[in-house]
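> Let me see the structure of the following:
(chains A, B and C)
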Amino acid sequence: MPEVPAILRRGLPWLLLALAAAAPAALSGYDLNLLARFMAMAILALGLVLVWGHGGILSLGQGVFFGLGGYAIAMHMKLADLPAGEMPDFMVWSGREALPLWWAPFGSATFAIAAAILVPTLVAALFAWAVFHRRVGGTYFALITQALALAFATLIISQQDATGGFNGLTDFYSILGFGLASPRTGVGLYWLTLAILCAAFVGLRWLTASRFGMLLRAARDGENRVRFLGYSPVPFKVVAFAIGALLAGIAGALFTLHAGVVSPALIGVVPSIEMVIWVAVGGRYSLAGAIVGALAVNLARDAVSSAFPELWLYCMGALFILVVTLMPNGLAGLLKGRAA
Amino acid sequence: MIRNKLLLLATSVAAAALSACSGEGGGGAAGSGDTVAVGVLQSLTGTMAISEITVKNAEMLAIEEINAAGGVLGKKLNAVVEDGASDPSTFAQKASKLIESDKVATVFGGWTSASRKAMLPVFERTKNLLWYPVQFEGNECSPNIMYSGAQPNQQALPALEWAAAQGYKTYFLIGSDYVYPRTANLILKKHIEKGGMQVLGESYVPLGGTDFSGVIAKLRQAKPAIVINTLNGDSNVAFFKQLAAAGLGPKVLPVMSFSIGEQEAQAMGAQLVEGSYAAWNYFQSLPGDANAKFIAAYRKKFGADAAITDPMVHGYLDVYAWKAAVEKAKSFEPDAVRKAAASLGGFPTPMGTVSFAANQSLVQKAYIGRLKADGQFEIVSDSGADIPPQPYDALAFPGKTCTL
Amino acid sequence: MDLFLNQLFNGVSLASLYLLASLGLALSFGLMRVINMAHGEMLMLGGYLAWATLLVVPGAAGILIAMPVAFVGAAAMGGVIQTVLIRRLSARPLDTLLATWGVSLVLQQAARDLFGAVGVEVRAPAWLEGSVELAGVVIPTARLFIIGVAVAVLGGLALILLKTRIGLLVRAVNQDRMMASATGIAVGRVDLAVFCLGSGVAGLAGVMLALLGPVTPSVGQAYIIPAFLVVVMGGLGSITGTTAAAVILGVFAALAQLFVDVSVSQMLLLVFVVLFIQFRPQGVVAVRTRQLDA
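Below is the predicted model of the structure:
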C-alpha cells in the first residue's frame, strides 16, 4: 500500500498545535471551554497509551485517579471561597458539626495541587504493586480495576457528609484568586491545559523511547522472558501504571476547573471504560492518536447526543466492537499502516 | 487504496465533528425577531430518563399551548431541547450551551439535586433563570432559580405530621444513597425526636440497588410502626417485592413513600404496593376542571394511558408561571422576570391556585394519598391551608435563612 | 443473634446468586482465558424471557417453563456472540473485554428500546410467595428455591463435566489446548459448547433475579462485578473454587452489612479480594500446571 507522505505524518502534530493555539481567538467562550475539557481528557488518554499500549495493562478504573485529582482541587476551591469559621454548604445539610480533619490541609492551594498530583500516583502505585507482585495480571487486573471504579464511586456517594455524595462538589468561585466566571480565567486555563498536554506528550515520547519503555514493552510481550533476563517486570509495570494515574489525576484537576463540577458520575465504571475507547479509537500505541481519539470521541458524543440522544449508546457500543476487532491500532494504524 | 479512502473518511468525519462543535451559535437572541428561545433541559438518556422525559413532555405541552394561543408578548416560543444524560457535568455544560450559544431567555429543567447543583453556578454566572420542577431537600436559595417542587416542609414534614396523628410512634427510614434521602431523613429525625417519638433504624442502598435482604433483616429486628421510604426508581420494586415475600406487605407494615407517584405505581404493578402511602403536592386523582383539562390534553398527545405525576404538573405550571411573569414585567430579562414571578400572586394550575413566595419557591398544599389497586391514589388527608415554603428547616438548620 | 442468623442465611442466598451469575464466566474463562463483559446481559435476557414466558403461560407452572426457555434463549445468544465476535479475538483476551463491553451497551440499549426503561415485573407463583420460619430465621420461599436451583445447576455441571463425553473433551481442552487439538478434538466446537452452556446458566440466573426484583435493562450490571470478583478469587476454571469463592464473598458481603451500609460493604468486598490474592494469588483452588504462562 502507498505510504502516507512523511510530510503529513511529521507535520500533523504541528498542524494540530497551530490549530490549538488559534482556538482562543477563533472560538466562543463556550466552545473554548468545551475544547479545554476535552484536552484535559486527552492528557488522561496519553497516560493510557503508556499503561495499555506499551505496558499491556488494561485499566478499567482510570476514572478513580481522574476523580482523586478532581476532588483534591475541588476540595480546595470549596474551602477557598468560604468565610472564616464556616463549613462547605453540603456538610451543613448533611448534618456534620465540624470540618473533617483530613479536609483542613486542602485550604492551602499548594497542598491541594500537590495532592491532586501525588495522591493518585501513590494510590495507583500501591494498588498496582499489591496486585502485580503476586503475579496477578492481564484479565484479572482489568476486572479488579473495574471493581475498584465501582467501589470508589459507591464509597464517595455513601460518605455524603464528607464528600458531597451523589451531588459531587460544585459551585466554585475562584482558583488562586482568579474568578472562574471571568472569560480571561477561562482562556488562561485553556493555555495551561494546552501546555500540560504538550509537556505530557513530549515527556511520554521520551519515556517510551527510553530503556524504560523498551523493557516495559518487553514485559508486555513476554513477562517470563524478561524475568529470565534478570529483570523483575513488576517495578516497570508499577511505575507505568503510576505515571498513567498521575496524568489522570492532573487531567481530573484540570477538568474540574473547566467544568466547575466533579461528581461520582464522572468516575464510575462506565466513564472509566469509556476512557479506554478514546485511546482505542486513536490507536493504543500512538500518543498523537490518543489525543485525536479523545477529542474526536468527545466531540462526536457532544454532536450526536444533542441531536439523537438515544442513538449515542448504540454508537458507543458499535465503536467498541468495530474499533477493537477491525482497527486494533486505531486511526494511527490507518496512517502508519502497521503497528508501532 | 482502501486505507487511503478510510483515512479520507476519518478526517472528514473529524472535520465534520469539529465544525458541528465550533459552529455558529444558532437560535435568535432572546427577544429579537418574532420568536424567543427557551431551553428545555432534562435527561433524555441514562438512568433518570424514564422520569425526566415525562417532565419534558409536560413542559413541551405547555409551550405548544402557549404558542397556539399567540405566544408571549406577541412572540412565539422556540423550544431548544437538550439532553442532560443523567450526568451533572453534562447538565452544566448543556445549560451553558443553551444560554451562551442558543441565547435562551430562560431554562426549564433538572430533576436530581446533583443536576441542579451543577447548573447553579452557570445560571448565577450568566444571570439567567432556571425553573426547577421537583421536590428537593431545601438548603438552597439562589436568585437565579425558581423552585416549584416541594421544600421539605411541604412534603416530608406534612407526611410526618400525618403519621404522628395516626398514632405511629416508631419509625424506620430507608432510602437510596444520595442527597435528598439523607438530608430529608436528617430533618425528619430532628422532628421525630422533638415529637417524643423514636427512630429505630436508618438504611441506605446504592442507587439502583436491588438486594434488600440485609435491610429487611434489620427492619424485622427493629419492628417499627411505619417505614418512611425515599428509595428511588426500580429499587422500589425490589424492596416491596422482598418485603411482601418476608411477610411484611403494606397491610402488615405501613410504608410512606416520597418518590412513588402514579407513573412508578403503574410501572411496578399496583397490586404490589396497594395500600401503601405517598405524600405529594399533586395527585392525578385531584378534583377540578383545570386538572381534568390538563390530563386530557397530555393524554391526547402522549398516549391514552399515560400516568400524570407531581413533577410533570410542576414542569407544566413553571412554563405558565414564566409566561405570566414575562407579561407582568413586559420584558424577557431574567432579573425582571424573577421579580415579577415572586410578586405575581395566585395563578391557576392543574393543582389549584398557587403562587411564588418572595424566596422564589412555590406556596402549595400537601396531600397524603393511599394507593389503590388501579394505580391511582385515594387522597386520605390534605394540609388544608397553603404551606409557605421554608428552604431551611428551623429545627435542623437553626439560624439559616434565605436572603436573595 | 437473630439478626446474625438472618444475615448468615442472606449470605448463603446472595452466594447462590453470585454462583449462578459467575459459573458461566468461570467455565469459559478457564477454557479460553476470555471474559465476556456482556455476561450480565445474559442475565437480563433470561429475566425478560421469564417475563415473556409468564405472559404466555400464566399460573403456577409458568416459572418452571420459563427456566428452560431462558436457558435456551441465553445459550443461543451466547453462541452468537462466541461465533461472531469472541472466536475472532481469541488471541487477544483484553480486547475481548472491550469488544464484549460494546455488545453489552448495545444489548442494554436494545432492551430499553424494546421493553422500555422501566423494569417489568415477574410475579412469582403462589407457591414461591411467603416464607417459612426456622429457629428465628425468616426464610422467604423464593430464596430457598434459588439456593435449590443453584445446587441443582452445580450438580448438573459436575455430572456433565465428569461423566459425559463432552465433559471429557472439555477437560482435555482445559488441560492442554494444543495437545487436545492435535488429537483431533474440534477445539472450536468445545469452546462453543462451553460458552453456550455458561450463557444458559446466566439466563437461568436472570430468572432467579426476576423472582426478587424488577427486570430492567441494567439488571445484570448489579451482579456482574461481584461475579467478576468471584472469578478472580475462584482460581482458573475450577468449579469447586468458584463455588467456594461465591460462598465466601456472599457471606462476607451479608455479614459486613451487620456493621456498615450496603455501599461500604461493596468497598470492603474489593479490599477483601485484593488482600486475599496477596495470600493465594492462584485463587481458592489452584489448578496444578507445568505451564509457565498459565
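> Sketch out the low-pLDDT regions of the chain for me.
Picked chain A for this. A:1-9, A:337-340 (pLDDT under 70).
> not quite, I wanted chain B
Those would be B:1-32, if you go by pLDDT under 70 across chain B.
> Quick check: can you list the domain ranges of it?
B:27-150+B:284-364, B:156-257 (automatic domain parsing).
> out of everything not next to it in sequence, what's closest to whichever residue of chain B sits closest to chain C?
Nearest to chain C in chain B, going by CB to the nearest CB, is B:Ala238, at a distance of 3.2 Å. Placement of C-beta: from N, CA and C, glycine included. Leaving aside its chain neighbours, B:Ala238 sits nearest to C:Gly213 (3.2 Å; criterion: CB to CB, 6 or more residues apart in numbering or on different chains).
> Settle this for me: that neighbour is touching B:Thr210, isn't it.
Yes: with contact defined as CB atoms under 8 Å, C:Gly213 counts as touching B:Thr210 (3.8 Å).
> hey, what's in contact with both of those two?
By the contact definition CB atoms under 8 Å, 6 or more residues apart in numbering or on different chains, C:Gly213 and B:Thr210 are jointly contacted by B:Asp234, B:Ala238, C:Val219.
> pLDDT score for the closest residue to chain B within chain C?
Nearest to chain B, among the residues of chain C, is C:Gly213, at 3.2 Å (CB to the nearest CB). You'll see C:Gly213 listed with a pLDDT of 87.
> Please name the residues that touch it.
By CB under 8 Å, 6+ apart, the contact list for C:Gly213 reads B:Thr210, B:Asp211, B:Asp234, B:Val237, B:Ala238, B:Lys241, B:Gln242, C:Gly119, C:Val219.
> Between those, which sits nearest chain A?
B:Asp211 (13.5 Å).
> number of nearby residues for the closest one?
Residues lying near B:Asp211 (other CB atoms under 10 Å in any protein chain shown) number 26.
> contacting residues around the residue of the stretch 151-300 of chain A found nearest chain C?
With CB to the nearest CB as the measure, A:Ser158 is the residue of the stretch 151-300 of chain A nearest to chain C, at 3.3 Å. In this structure, A:Ser158 makes contact with A:Gly165, B:Asp177, B:Tyr204, B:Pro206, C:Asp261, C:Ser263, C:Val264, judged by CB under 8 Å, 6+ apart.
> my guess is the fourth one meets B:Ser176, correct?
The reference is to B:Pro206. Yes: the pair B:Pro206 and B:Ser176 passes the contact test of CB under 8 Å, sitting 7.4 Å apart.
> Determine the three-state secondary structure at the residue most central in space within chain B.
Centroid-nearest residue in chain B, with CA atoms, centre = their mean: B:Val134, separated by 1.9 Å. With DSSP: H, G, I helix; E, B strand; the rest coil as the basis, B:Val134 sits in coil.
> Can you give me the distance of it to C:Gln108?
26 Å (CB to CB, to the nearest Å).
> Strands - which of the contacts of A:Ser158 land there?
Those of those mapping onto strands are B:Tyr204, per DSSP state E.
> Which of the residues in stretch B:52-65 are classified as buried?
Within stretch B:52-65, the residues that count as buried by 16 or more other CB atoms under 10 Å in any protein chain shown are B:Glu52, B:Ile53, B:Thr54, B:Val55, B:Lys56, B:Asn57, B:Ala58, B:Glu59, B:Met60, B:Leu61, B:Ala62, B:Ile63.
> Need the residues that contact it.
B:38, B:40, B:42-44, B:77, B:79, B:81, B:84, B:108-109, B:111, B:133-134, B:263, B:297-298, B:301-302, B:306, B:309, B:311-320.
> just the buried members of those?
B:38, B:40, B:42-44, B:77, B:79, B:81, B:84, B:108-109, B:111, B:133-134, B:263, B:297-298, B:302, B:306, B:309, B:311-320.
> how about the residues of the stretch 101-250 of chain C near chain A?
Contact residues (CB under 8 Å from any CB of the partner chain) of the stretch 101-250 of chain C with chain A: C:101-106, C:108-109, C:113, C:221, C:225, C:228-229, C:231-232.
> can you rerun that using 7 Å?
Contact residues (CB under 7 Å from any CB of the partner chain) of the stretch 101-250 of chain C with chain A: C:Trp101, C:Gly102, C:Val103, C:Leu105, C:Val106, C:Gln109, C:Ile225, C:Phe228, C:Leu229, C:Val232.
> if we can go back for a sec, and chain A, which of the contacts of stretch B:52-65 reach it?
Contacts with chain A within those, counted by CB under 7 Å from any CB: B:Leu44.
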